[in-house]
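Q: Below is the structure, and that's it, no one-letter string:
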């Protein structure tokens, strides 16, 4: 019998190895490198940024800018881990206004490539250059540089073969880079961007273009032609951008671009606010298309909550939600079938929502207060210095609402729940009251109102994210595989994406010529029709978007599909503080308003 090996001693990792480990988070593919380098250029006040690629970025990535430049004496320091000019103290971390701040990008990229950093400050007569080969830094040498900085990255992952073999075809990697540059160009209309691949110009957006033309260049004429422009400033908040009208809603959330202080992010609070702002103008299965720039005090938003800075957390999510919802409703007032423009327009120019502010009209919401629910990531009434929130008259789930005859019973149920006694009648589970597609339940020392549709979407997204991270998807084979016609370009794209799909529990294979076959689906999507899932996957694969985009699309399918017995899972996750959206803590005033609003209808 073999003796177990003795444990290895604890040791400090070498700098090169530590940087390569960090590169696992920072450098996923060529698009990640481009994003980090362009963000550095934007932080350096660049007004012109040129990106060049060869072989999808695997052979060469070069990013040139006309920004401040780096003094020759700081070039080597710039390649050191946790070295940055953007923050200097813990207080700075609470007010981050720059795109980057961790000081990890350059050393991480240099550790897995052959990198040349060349720069000339605006006040210098000449520039300087330093070379790095797999993390080994050479001496600084003079260079005849233009003002600004140039970073050249060759042979990405040359010294990490296990990572290099996961790169996709040059065409696919190029699409990922295009998507990253497009988002950056949308975020900064005051900066000119060009992207060349194998000496061919792929994308160009200059700062002198008219906004409509630039939008058309980046997102297509169809989106740009019918958009509605919005722009509101309310002191602490500002929002501007473009919305596609309700009739242009999409089957997938693939044209939703949110920028917070110039940073491209995902945020459920804002996304929910946009959807509520659309109100009854949007079909339940439709997804709004938008490009929104939200301005907010940097001290009121935490950008350091995600390894790749794709997500942010607001200090006052309720205020952000109200502001965005009111702005969207005001722009779309003329499209509503139930409310006039006057009934949805609020005085946004006067400042952020004040205590008790409501929309005018006979069906205006009633201000109510409540208790914050930590960890939900959703707006909870009653937080933020006692300011109140107008509970929306729009019913997010779109399901059946309680009628006037049920109000008394439901209020009695509230009394029963709040005293921890028994649930109301009508067969409700102990401690729960079902209100259409909402559930009122005890949990976390409060009463929770759970939106089953939004909650199910959040639960599915969390499960898919966890499966992708752990490479341990829970898959359910289809008893009868579902075959669907597909053009060859779609079949090719699905083939290329097979590894990513398997990481989520989706198995799709080529069938006969011109078709693809769905053989297995994620267990958490058991209630989704196979044709809808195939349609979502094919659309994602064709654009070669990041896996996170596919996760969002699949989670959206879950929201609009039959519950299929997973209501208990959603409720358990909400009560256990494992649900990232769809939960608010309520009090009796809010509950009375909810039922009174239902009775009026």
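A: Noted; the coordinates are in hand. This one's a predicted model, so the numbers in the text were calculated from it and none came from an experiment.
Q: residue contacts, residue 180?
A: Residues near residue 180 by C-beta atoms under 8 Å, 6 or more residues apart in numbering: 31-32, 34-35, 38. From N, CA and C alone the C-beta is placed, and that goes for glycine too.
Q: and of these, the nearest to residue 500?
A: Checking those against residue 500 by C-beta to C-beta gives residue 31 as the nearest, at 14.0 Å.
Q: residues near the closest residue to the closest one other than its chain neighbours, how many?
A: Excluding its sequence neighbours, the residue lying closest to residue 31 (C-beta to C-beta, 6 or more residues apart in numbering) is residue 176, at 3.8 Å. Residues near residue 176, counting by other C-beta atoms under 10 Å, number 23.
Q: And residue 150, its phi and psi?
A: Per-residue torsions, residue 150: phi -130, psi 130 (degrees, to the nearest 10).
Q: Check residue 448 too.
A: Torsion angles, degrees, to the nearest 10, at residue 448: phi -110, psi 130.
Q: cool, residue 125 as well?
A: Here residue 125 shows phi and psi, under degrees, to the nearest 10, equal to phi -80, psi -30.
Q: Check the offset of stretch 439-457 from the chain's centre.
A: Averaging C-alpha positions (C-alpha atoms, centre = their mean, to the nearest Å) puts stretch 439-457 23 Å from its chain's average.
Q: now stretch 275-290
A: 18 Å.
Q: My guess is the residue nearest to residue 31 contacts residue 35. True?
A: No: Residue 176 is beyond contact range of residue 35, at 9.7 Å (criterion: C-beta atoms under 8 Å).
Q: returning to that earlier point: can you mark which positions in the strand or helix carrying the residue nearest to residue 31 are buried?
A: Here residue 176 sits within helix 170-187, counting by DSSP states H and E. Buried residues in helix 170-187, counted by 16 or more other C-beta atoms under 10 Å: 170, 172-187.
Q: do the same with stretch 481-497
A: Judged by neighbour count using 16+ other C-beta under 10 Å, the buried positions of stretch 481-497 are 482-484, 486, 490-494, 497.
Q: Same check on stretch 276-288?
A: For stretch 276-288, by 16+ other C-beta under 10 Å, it's 276-279, 281-282, 286-288.
Q: Check stretch 260-272 too.
A: So, applying 16+ other C-beta under 10 Å, buried residues of stretch 260-272: 260-272.
Q: contacts for that stretch?
A: The contact list for stretch 260-272 (C-beta under 8 Å, 6+ apart) reads 42, 97, 99, 183-184, 186-188, 253, 256-259, 292-296, 298, 301, 303, 309-312, 314, 317, 320-321, 324, 377-379, 396, 454, 458, 548, 552, 580-581.
Q: Show me how far that stretch is from its chain's centre.
A: With C-alpha atoms, centre = their mean, you get 6 Å for stretch 260-272.
Q: Endpoints of that stretch, how far apart?
A: Length of stretch 260-272, first residue to last, C-alpha to C-alpha, to the nearest Å: 15 Å.
Q: Show the average pLDDT along the helix or strand hosting residue 433.
A: Applying DSSP H and E as the criterion places residue 433 in strand 432-435. The average pLDDT within strand 432-435 is 70.
Q: Next secondary structure after it?
A: strand 438-443.
Q: So which residues of the stretch 251-400 of the chain form strands?
A: Ranges of strands in the stretch 251-400 of the chain, per DSSP state E, counting those that start in this stretch, are 256-260, 263-265, 290-296, 301-302, 313-314, 367-368, 389-390.
Q: Next, name the residue at the spatial heart of this structure.
A: By C-alpha atoms, centre = their mean, the chain has its centre lying nearest to residue 266, at 2.1 Å.
Q: about what we covered before: please render the strands of the stretch 251-400 of the chain as a markdown table that adds mean pLDDT and distance to residue 248 to the earlier fields.
A: As requested, these are exported to a markdown table (pLDDT from 0 to 100; distance: least, C-beta to C-beta, whole Å):
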| stretch | mean pLDDT | distance to residue 248 |
| --- | --- | --- |
| strand 256-260 | 94 | 13 |
| strand 263-265 | 90 | 22 |
| strand 290-296 | 95 | 10 |
| strand 301-302 | 86 | 30 |
| strand 313-314 | 88 | 28 |
| strand 367-368 | 29 | 34 |
| strand 389-390 | 28 | 28 |
